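# Predicted model follows, preceded by the sequence.
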Amino acid sequence: MKKWIVMAAAILAGCAGQPIEGGMGVNSEVDSETRQRARAFTDLAAAYFSRAQYKVALDELRKAITIDNRFGPAYNVYGLIYMELAEDKLAEENFRRAIELDRSDSESRNNYGWFLCTRGRHNEGLEQFSAALRNPLYTQPELAMANAGQCAELKGDLALAEANLMKSLKLQPDNANTLLKLAGLHFRQGRLDETQRLLTRHAELAPPTAESLWLGVRLERKLGDRAQEAAYGLQLRKRFPDSKEARQLQAGQYE
């Protein structure tokens, strides 16, 4: 699952950085050429990671760290890879290392916050999002706000979830993913008209996803529109037959 990548976005901004695999690096100043080479290998690693080529990504990160063991963004990408591989100890250690090297690294804090939230450590995650947002130079605060909204919802604080998602949308009104998350939250709150409006807006901005189609099925079921419910269900089965949402539909697990 790579939802946090969509929400975390620019994982390579920042400067600073040895993976927590075999010991800490030696503090040293690095010249701009060395830093640029480390960044290039880290960029490659991030690209391979986005294609789920984890072994190749790790190889590129080792090259980056060998060149510059204080390049923080490399540890951030290490954290994302180990998070995806469910190597939670290594993921956390690398996220923490990235932040240790650059306390103002909002991208690493955002990703670390999402890691914590998905592991049930909601309050710690929310603290990391807040720290990311305190950086006035953070170029994508809407991402941390949206993640904070999802984290608050996982925690069960629906009011805080809505507040953060609304703040995110104020900064980026046409973010389809955030619109979908808010639609899902409103559905959970029983605000069906708002859910329908947001779901329609999502459809105008982005192709359907398993999540959006499943929300549509359940929404129209609540509204009593069986034809539209069936239409959403048909799309879900055709487009995403192997998704968990399609399995829930097949099993009739609407709640």
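Yep, it's here.
# Report the buried residues of the longest helix anywhere in the chain.
Scanning the chain for the longest helix, with DSSP state H as the assignment, gives helix 32-50. For helix 32-50, the neighbour count (16 or more other C-beta atoms under 10 Å) marks 35, 37, 38, 39, 41, 42, 43, 44, 45, 46, 48, 49 as buried. Any C-beta I mention is one placed from the backbone N, CA and C, and that applies to glycine too.
# Could you export the residues you listed as a markdown table, including pLDDT?
A markdown table is the format used below for those (pLDDT from 0 to 100):
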| residue | pLDDT |
| --- | --- |
| 35 | 92 |
| 37 | 95 |
| 38 | 95 |
| 39 | 95 |
| 41 | 96 |
| 42 | 97 |
| 43 | 96 |
| 44 | 96 |
| 45 | 97 |
| 46 | 96 |
| 48 | 97 |
| 49 | 96 |
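# now, which of the residues you listed sits nearest residue 188?
residue 49 (31.6 Å; C-beta to C-beta).
# what about the nearest residue to the closest one once chain neighbours are set aside, which SS state?
Nearest non-adjacent residue to residue 49, counting by C-beta to C-beta, 6 or more residues apart in numbering: residue 57, 4.4 Å away. Secondary structure state of residue 57, per DSSP: H, G, I helix; E, B strand; the rest coil, is helix.
# I'd say residue 174 and residue 202 touch.
No. Assessed by C-beta atoms under 8 Å, residue 174 is found out of contact with residue 202, at 10.0 Å.
# Neighbour count: these two, which is higher?
A count of neighbours by other C-beta atoms under 10 Å puts residue 202 above the other of residue 174 and residue 202, at 26 against 12.
# mind checking pLDDT for the more buried one?
pLDDT, residue 202: 98.
# Look up how far residue 135 lies from the residue nearest to residue 49.
26 Å (C-beta to C-beta, to the nearest Å).
# Neighbour count: those two, which is higher?
Set residue 57 next to residue 135 and count neighbours by other C-beta under 10 Å: residue 57 wins out with 24 against 16.
# Just the pLDDT for the more buried one.
pLDDT recorded at residue 57 is 97.
# cool, and residue 158?
Here, the pLDDT recorded for residue 158 equals 97.
# who's in contact with it?
152, 185, 188, 189 (C-beta atoms under 8 Å, 6 or more residues apart in numbering).
# Quick check, the first one in contact with residue 123.
Going back to what we said before, that points to residue 152. No. At 10.1 Å, residue 152 does not count as touching residue 123 under the criterion of C-beta under 8 Å.
# Pick out whichever of these two has more residues nearby.
Set side by side, residue 152 and residue 123 show more neighbours around residue 152, with 24 against 10, by other C-beta under 10 Å.
# what about that one, which SS state?
Here residue 152 is helix, with the state taken from three-state DSSP.
# residues touching it, list them.
Contacts here follow C-beta under 8 Å, 6+ apart; on that basis residue 152 touches 122, 126, 158, 160, 161, 164.
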